[in-house]
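Kindly return the folded structure for what I paste below:
(one chain, ligands or ions: 3)
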Amino acid sequence: MSVRVGVLLLNLGGPEKLEDVYLFLYNLFADPEIIRLPFPFLQKPIASLIAASRAPISQENYAMIGGGSPLRQITVEQGENIENVLQRYGVEAKVYVAMRYWHPYTEDAIAHIKQDGITHLVVLPLYPQYSISTTGSSIKKLDQLWANDPQLQAIERITIKSWYRRTGYIRAMNELIDAKLQESDAPDHVHLFFSAHGVPVKYVTKYGDPYQAEMENCVDGIMQSLRRDYQRYNAHTLAYQSRVGPVEWLQPYTEEAIRNLAKRGVDRLLVVPISFVSEHIETLQEIDIEYREVAEEAGIHHFDRVPALNSHPIFINDLADLVMESLNISKARAIAV
Ligand SMILES: C=CC1=C(C)c2cc3[nH]c(cc4nc(cc5[nH]c(cc1n2)c(C)c5CCC(=O)O)C(CCC(=O)O)=C4C)c(C)c3C=C
Ligand SMILES: [Fe+2]
Ligand SMILES: [Fe+2]
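Ligands and ions are numbered 1, 2, ... in the order given. Purely as a prediction, here's the structure:
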């Protein structure tokens, strides 16, 4: 039997048009990994109520970034670039995109993997840190599909859970931060503000989500590999954004942390989005528009953001390396094949 390698990129997905917003939100809230209800039979009716009540504000936000999420296009490009790097090493692999709440849906990606007769599959989440609500939810979906399907069970599946410690990822983040600091007229005075996506506190305290610990390690890792003078002079903060609903989420909340820094006299903020490797609504709208406004109103005059990694070559090369390592292919062996 010939070996056919596949790489399955896991991502969240986003509405491509304003008309998609309601259904996208419904899919999201219908997932018990996003909202945990004590009675499963209530999940779908409650999902449609929350989706309907959130859709207007969410549509306004997507309208501000051009009428839809750029996530699909960026993820497809990341996949093509990973495929090209692998090919350069002589590794013929096909990359598939599996979104959790929008097209291309996970089920569609899996149908293609079956059609193509993939024998070895590397499952690679595009979230650097693991959370029950992101990577966990996608892996659960895969496990459900696998449970009833002997053809899928015959595939050798390698599932990566998180990869924020990778040196290539950290180097690429350092390059992006460094480039922004060098643009500043007072780089030593810039406060590095890591803004992570929040999750409800209960995920960590009750359900054992490693997300907060991984996030803190990730920020430490990036800070420790920055240039020594930045490490010495640039203060940093980790805060959590995008809270939805009435329950308590991880703190400090981004908005409050910005106001507190302003009160302490911080005047230069460089926001580093840290949960996600692509531009999306929470970078383009929430940080660039909403939090900029909060900062300016609080008296912070210099507000800037580090771009998302998207297809940064160091990052893409590192993901391709990760795929090869998972398959036990060393670069030297790949070149020799
Ligand atoms: C209500 C619970 C939510 C949890 C928990 C949550 C965790 C979480 N989400 C991301 C990344 C993304 N979220 C995106 C959209 C989005 N997420 C929620 C809710 C929760 N997220 C909502 C309601 C939405 C819709 C947008 C909105 O109305 O605000 C997206 C999609 C972005 C796009 O461009 O379309 C991403 C990406 C992470 C990393 C995370 C936990 C670690
Ligand atoms: Fe989210
Ligand atoms: Fe948000």
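
Could you list the contact residues of the stretch 51-200 of the chain toward ligand 3?
Listed as neighbours of ligand 3 in the stretch 51-200 of the chain under the rule CB under 5 Å from the ion: no residues. Using the backbone N, CA and C atoms, a C-beta is placed for each residue, glycine as well.

Low-confidence stretches in the stretch 51-200 of the chain?
Across the stretch 51-200 of the chain, nothing is flagged by pLDDT under 70.

Can you pull the residues of it lying near ligand 1?
By the rule CB under 6 Å from any ligand atom, the part of the stretch 51-200 of the chain lying against ligand 1 is 54, 58, 69, 71, 127, 131, 133-134, 197, 199.

and those residues, which of them are in helices?
54, 58, 71 (DSSP state H).

neighbours of the last one, just the number please.
Neighbour count for residue 71, taken as other CB atoms under 10 Å: 23.

got it, and the first one?
As a burial measure, residue 54 scores 18 neighbours (other CB under 10 Å).

Find me the pLDDT at the residue nearest to residue 216 when sequence neighbours are not counted, would you?
Take residue 216 and drop its neighbours on the chain: the residue closest to it by CB to CB, 6 or more residues apart in numbering is residue 238, 6.7 Å away. Residue 238 carries a pLDDT score of 98 in this model.

Buried residues, the helix or strand residue 238 falls within. List them.
Residue 238 is part of strand 236-241, with elements assigned from DSSP states H and E. Across strand 236-241, burial judged by 16 or more other CB atoms under 10 Å covers 236-241.

Compile the residues of the stretch 51-200 of the chain next to ligand 1 into CSV and extend it with columns for distance to residue 250.
CSV is the format used below for those (distance: CB to CB, whole Å):
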residue, distance to residue 250
54, 20
58, 22
69, 24
71, 23
127, 15
131, 10
133, 12
134, 14
197, 9
199, 6
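
Name the residue of the chain that lies nearest to ligand 3.
In the chain, the residue that lies nearest ligand 3 is residue 242 (3.6 Å; CB to the ion).

Residue 92: what's it in contact with?
5, 86 (CB atoms under 8 Å, 6 or more residues apart in numbering).

How much space separates it from residue 136?
31 Å (CB to CB, to the nearest Å).

returning to what we had before: list just the nearest of the buried residues of strand 236-241 to residue 105.
Among those, residue 241 lies closest to residue 105 (CB to CB), at 26.5 Å.

What residues does the closest residue to the closest one other than its chain neighbours make contact with?
Spatial nearest neighbour of residue 241, chain neighbours left out: residue 254 (4.0 Å); criterion: CB to CB, 6+ apart. Residue 254 sits next to 195, 239-241, 291 when contact means CB under 8 Å, 6+ apart.

Kindly report the same for residue 250.
196, 198-201, 204, 212, 240.
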